[in-house]
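Peer 1: sharing a model that was predicted from the sequence below.
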Amino acid sequence: MKKYLTFSLLFFSVNLYSQNIDIRLLREINLNRNKNLDNTFRFITNTAAPIAISTPLALLGVSLIKHDSVMLHKSIFIGVTVLSAVIITTTLKHSINRTRPFVTYPYIEKETSVGSPSFPSGHTSDAFSLATSVSIAYPKWYVIAPAYTWASAIGYSRMHLGVHFPSDVLAGALIGAGSAYLCYKGQQWLNKKR
């Protein structure tokens, strides 16, 4: 009983401390932001889904036109990765059902529209799943650097605009990158089975 009580107290303390860090960091980013960049970050945040969807579709189209089986496999890998990240993120969002930061903390300034629960960040998950899968498929610095710069800008934009806690963004990035890695390992396993 004593061990259970100690564990519960420790868990509660760590959880409370991490929540305090979460809101302090968000408050610092959101309330001290350069408001002249709000439109820029709104534009950046709105590119997440269109780019995550159109990139594998464009690669698929080009591969079919060119009859390029290597590009076809890469486009399918990227598409499956993004779809996997979307499914995982959506499932977690509705299972955990975390309230958006501007609802819990009314002083957080919401600068864009949102629909679903907060945890994890779907925009960030989309962006990091695309960035990681594209980087695995095309491992060149001129692909990797812009892909992760864009994905990081998406993640930051969600906090700048006041719609996600830092932990939402971190979880979204981990889910996105993790989905790409798991899909890559799954593809390797399937190739060995053949």
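Peer 2: Received the coordinates, thanks.

Peer 1: show me the shaky parts of this structure.
Peer 2: 1-19 (pLDDT under 70).

Peer 1: kindly recompute the last result at 80.
Peer 2: The model of the chain has pLDDT under 80 over residues 1-19, 191, 193-194.

Peer 1: just the helices in it please.
Peer 2: Here the chain has its helices, by DSSP state H, at 2-31, 38-45, 48-66, 69-96, 101-104, 122-137, 141-160, 166-193.

Peer 1: most neighbours per residue, which of these?
Peer 2: helix 122-137 (a mean of 27; mean count of other Cβ atoms under 10 Å). C-betas here are computed from N, CA, C, even on glycine.

Peer 1: ok so, going back, let me have the helices of the chain in JSON lines, extended by distance to residue 116.
Peer 2: Shown next, in JSON lines, are the helices of the chain (distance: least, Cβ to Cβ, whole Å):
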{"stretch": "helix 2-31", "distance to residue 116": "18"}
{"stretch": "helix 38-45", "distance to residue 116": "14"}
{"stretch": "helix 48-66", "distance to residue 116": "13"}
{"stretch": "helix 69-96", "distance to residue 116": "5"}
{"stretch": "helix 101-104", "distance to residue 116": "13"}
{"stretch": "helix 122-137", "distance to residue 116": "7"}
{"stretch": "helix 141-160", "distance to residue 116": "13"}
{"stretch": "helix 166-193", "distance to residue 116": "11"}
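
Peer 1: nearest to residue 110, out of those?
Peer 2: Of all the helices of the chain, helix 101-104 sits nearest to residue 110, with 4.1 Å by Cβ to Cβ.

Peer 1: export the closest one as CSV, just CAs?
Peer 2: This file holds the C-alpha atoms of helix 101-104, laid out as CSV (Å, rounded to 0.1, in the frame of the first residue of the first chain):
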residue,chain,number,x,y,z
PRO,A,101,-5.5,25.6,-24.4
PHE,A,102,-7.5,28.7,-25.1
VAL,A,103,-10.6,27.1,-23.5
THR,A,104,-8.8,26.0,-20.3
